[in-house]
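# Sequence unavailable; structure follows:
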């Protein structure tokens, strides 16, 4: 039997092109059905760096991102540098350089170049990622982290260990990633009361004190906050449109509204499931001081029932400028301190935001 003659000429070419087009469309449809690797398309990763101080409500705040499956969330990746410095495994003057290298490695999903990677893995700091590594070797685990990072719509890094926002300038200006900064602050009276309740040393303060950069923890807290607020208030061009200041009290009082505002600022779709999580976790109290379940309206004022009057006066004296700049009211005497319904401890203030 004679074999059919293949299509040739102009119409044959048209048929061939049509077949190629259908094949390409099929390939594209398959790719679209999978979660895309954003970096493979040459798109710079979207990154948010959450900066704050110890016991400022960051564990709860970080859950606004950890509860989103499209977010690659990393909390306190710089912690092991603190312990390395305290154990004399690194010099204190290398802390900032290593911290910035860590932030850049995570932000660009370049996990293999995390400083002291073997130690980071061996000491279990990979547990600070919401990924199950049970039974995985370091090589397989790093591969898994990289893959998860690369397909995420947003990379969120929460840290209480960046001393100055200005340290982020070179990385943000390098434009290796689309970076925005969320700066979370909290009433210093609540912060210090929470720290004292833990009855454990503040490792990061000990590291700074050893280096001669701090002698008084209350002063260190408020100087850190004031220094950064004043820097941002100078409106540096490199931060324009990339910075947002938030008070913990506002977020805790209006968690859903605040979350929507934050996601809008980041240009990321707000996940509806987060509303359910917030409703379930801002209306109950866990006994874990590092937990994320809180009765929001109560936690804002709990410190007023617990703090000693002499400690209150000490903080207000040392932190008056910081408190005033952030809208925190001075409380005069025990009567005002305990009059939670009648004497509000914070008020509206002008945030140093700029576009």
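Arrived safely, thanks for sending. Not measured: the values here are computed from a predicted model.

# and residue 267, how many neighbours?
Other residues lying near residue 267 total 10 when counted by other CB atoms under 10 Å. Just so you know, the C-beta spots here come from the backbone N, C-alpha and C atoms, and that holds for glycine as well.

# Distance of it relative to residue 154?
Distance, residue 267 to residue 154, by CB to CB, to the nearest Å: 9 Å.

# Please enumerate the shared neighbours of the two.
residue 46 (CB atoms under 8 Å, 6 or more residues apart in numbering).

# and stretch 136-149, which residues are buried?
Going by neighbour count (16 or more other CB atoms under 10 Å), the buried part of stretch 136-149 is 136, 141, 142, 144, 145, 149.

# can you tell me which of the residues you listed are in helices?
Under the assignment DSSP state H, those contribute 141, 142, 144, 145, 149 to helices.

# Show the pLDDT at the closest residue to the first one other than its chain neighbours.
Distances taken as CB to CB, 6 or more residues apart in numbering place residue 133 nearest to residue 141, at 4.8 Å, with adjacent residues excluded. Note for residue 133: predicted pLDDT of 71.

# Which strands and helices lie in contact with whichever strand or helix holds residue 101?
Per DSSP states H and E, residue 101 falls inside helix 95-107. Contacts defined by 3 or more CB pairs under 8 Å, 6 or more residues apart in numbering; DSSP states H and E place helix 95-107 against strand 46-51, helix 79-86, strand 154-159, helix 169-173.

# Buried ones in stretch 205-215, by neighbour count?
205, 207, 208, 214.

# any idea of the pLDDT on the last one?
Right, residue 214. Residue 214 is given a pLDDT of 79.

# Let's verify it: helix, strand, or coil?
Assigned with DSSP: H, G, I helix; E, B strand; the rest coil, residue 214 falls in the coil class.

# and it, what does it touch?
Neighbouring residues of residue 214 by CB under 8 Å, 6+ apart: 205, 208, 220.

# nearest residue to the last one other than its sequence neighbours?
Once its chain neighbours are removed from consideration, residue 220 has its nearest residue in residue 214; the separation is 4.1 Å (CB to CB, 6+ apart).

# what are the phi and psi values for the one you found?
phi -160, psi 140 (degrees, to the nearest 10).

# any idea which of the buried residues of stretch 205-215 is the one closest to residue 105?
Proximity of the buried residues of stretch 205-215 to residue 105 (CB to CB) peaks at residue 207, which lies at 21.3 Å.

# what's near enough to touch that closest one?
By CB under 8 Å, 6+ apart, the contact list for residue 207 reads 82, 85, 86, 92, 95.

# pLDDT-wise, what's the bottom of the residues you listed?
Within the contacts of residue 207, lowest confidence goes to residue 92 (90).

# Please name the nearest non-neighbouring residue to it.
residue 211 (4.3 Å).

# re earlier: out of the helices and strands packed on helix 95-107, name the one with the poorest average pLDDT.
helix 79-86 (a mean of 93).

# In stretch 152-170, which residues are buried?
152-163, 165, 168.

# quick one: which two of those residues are the most distant?
The distance between the two most remote of the buried residues of stretch 152-170 (CB to CB) is 29.5 Å, for 153 and 163.

# Which residues are in contact with the spatially closest residue to residue 121 that is not a sequence neighbour?
Among residues not flanking residue 121 along the chain, residue 138 sits closest, at 4.5 Å (CB to CB, 6+ apart). Residue 138 sits next to 117, 118, 121, 122 when contact means CB under 8 Å, 6+ apart.

# just so I have it, where are all the strands in the protein?
For the chain, applying DSSP state E gives strands covering 46-51, 71-75, 154-159, 178-185, 243-247.

# Switch those over to a markdown table; also include distance to residue 200.
Shown next, in a markdown table, are these (distance: least, CB to CB, whole Å):
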| stretch | distance to residue 200 |
| --- | --- |
| strand 46-51 | 23 |
| strand 71-75 | 18 |
| strand 154-159 | 19 |
| strand 178-185 | 22 |
| strand 243-247 | 26 |
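
# OK, contacts around residue 103?
Residue 103 makes contact with 49, 77, 78, 157, 159, 162, 168, 171, according to CB under 8 Å, 6+ apart.

# Nearest to residue 280, out of those: which one, please.
Closest to residue 280, out of all of the contacts of residue 103 and judged by CB to CB, is residue 157, at 25.3 Å.

# which residues does the closest one contact?
By CB under 8 Å, 6+ apart, the contact list for residue 157 reads 47, 48, 49, 50, 74, 77, 103, 106, 107.
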